[in-house]
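sequence unavailable; structure follows:
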Ligand code: IYR
């Protein structure tokens, strides 16, 4: 049976032009200071910061509002150790055998290699899973029914953007890490077959001596095309 839509009034706060400009400039200045960090201290992070960032990410728009994501938060040292060992084994294979010369050349300015100490140094790892399809149960028979998820890649990508932004605004550093292949995460974290690892995000404070590659972003004129009337 097709569900009929139910509407409710939109709650929308209209800002004055001055507030709009001030907010947009302030956000731009803050987000410009976000960097991908690989040198983490083990200084503890209040769990509520992680929880709030995930709650923020979970407000993301998604295909058919299906919210096809699961966020697994790990602070357990033993599980982090297992993840580090498995990630390093895959990454070593990738850097030494699987990645093309072209790929290695593209990565050279970042100075990355297969060593991933941040997977243990950071107090939290957030592993984001994409639900490739949904699972519901027939109310009468209890039988498992698989249903299609629409635009799950795009949806999870948007949610991760909000997650990284929220963690940054909470004064935390993150790394967007995609070891390849990532199947070991499903096994270690015992996730069901409809959930596919999407990204691993170490979260914490940077070490005092943290370094980042001296790279920049494209200028606005390179990324913005304005088609005026
Ligand atoms: N996953 C590897 C390699 C890597 C790939 C890309 I694309 C990057 O932007 C950065 C690294 C690693 O994490 O080292």
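Here it is on my side, so go on. Everything quoted here is computed from the prediction, not taken from an experiment.

can you give me the helices in the chain?
For the chain, the helices defined by DSSP state H cover 17-31, 47-57, 77-93, 101-107, 118-121, 152-169, 183-188, 220-223.

mean pLDDT and mean neighbour count added to the ones you listed, as TSV?
No exception for glycine: its C-beta is placed from N, CA and C like everyone else's. Formatted as TSV, the helices of the chain follow (pLDDT from 0 to 100; neighbours: other C-beta atoms under 10 Å):
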stretch	mean pLDDT	mean neighbour count
helix 17-31	98	10
helix 47-57	99	17
helix 77-93	98	16
helix 101-107	97	10
helix 118-121	98	19
helix 152-169	99	20
helix 183-188	98	16
helix 220-223	98	8
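
export the ones you listed as CSV, with columns for distance to the ligand.
What follows is the helices of the chain, written out as CSV (distance: least, C-beta to the nearest ligand atom, whole Å):
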stretch, distance to the ligand
helix 17-31, 19
helix 47-57, 21
helix 77-93, 6
helix 101-107, 5
helix 118-121, 10
helix 152-169, 14
helix 183-188, 13
helix 220-223, 18
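
okay, which residue is most central for this structure?
For the chain, the residue nearest the mean C-alpha position is residue 160 (3.5 Å; C-alpha atoms, centre = their mean).

count the residues that sit near the residue in the chain positioned nearest to the ligand.
Closest contact between the chain and the ligand, by C-beta to the nearest ligand atom, is at residue 112 (4.0 Å). Neighbours of residue 112 under the rule other C-beta atoms under 10 Å: 15.

ok, it - contacts?
Residue 112 makes contacts with residue 38, as judged by C-beta atoms under 8 Å, 6 or more residues apart in numbering.

please redo it, this time with the cut-off set to 10 Å
Going by C-beta atoms under 10 Å, 6 or more residues apart in numbering, residue 112 touches 38, 91, 95, 104, 177, 213.

now do the contacts for the fourth one.
With contact taken as C-beta under 10 Å, 6+ apart, residue 104 is in contact with 94-95, 112.

at 8 Å instead, please
residue 95.

skip the chain neighbours and tell me the closest residue to residue 60.
Distance criterion C-beta to C-beta, 6 or more residues apart in numbering; nearest residue to residue 60, sequence neighbours excluded, is residue 159 at 3.8 Å.

thought the one you found was touching residue 57?
Yes - between residue 159 and residue 57 there is a contact at 4.5 Å, judged by C-beta atoms under 8 Å.

common neighbours of those two, please.
Shared contacts of residue 159 and residue 57 (C-beta under 8 Å, 6+ apart): residue 69.

and the pLDDT at the residue nearest to residue 72 when sequence neighbours are not counted?
Excluding its sequence neighbours, the residue lying closest to residue 72 (C-beta to C-beta, 6+ apart) is residue 127, at 4.5 Å. The model reports residue 127 with a pLDDT of 98.

what bridges to residue 127?
residue 72, residue 200 (DSSP bridges).

follow-up on the earlier one: was I right about the residue nearest to the centre of the chain contacting residue 127?
No - using C-beta under 8 Å as the test, residue 160 is too far from residue 127 to be in contact (11.3 Å).
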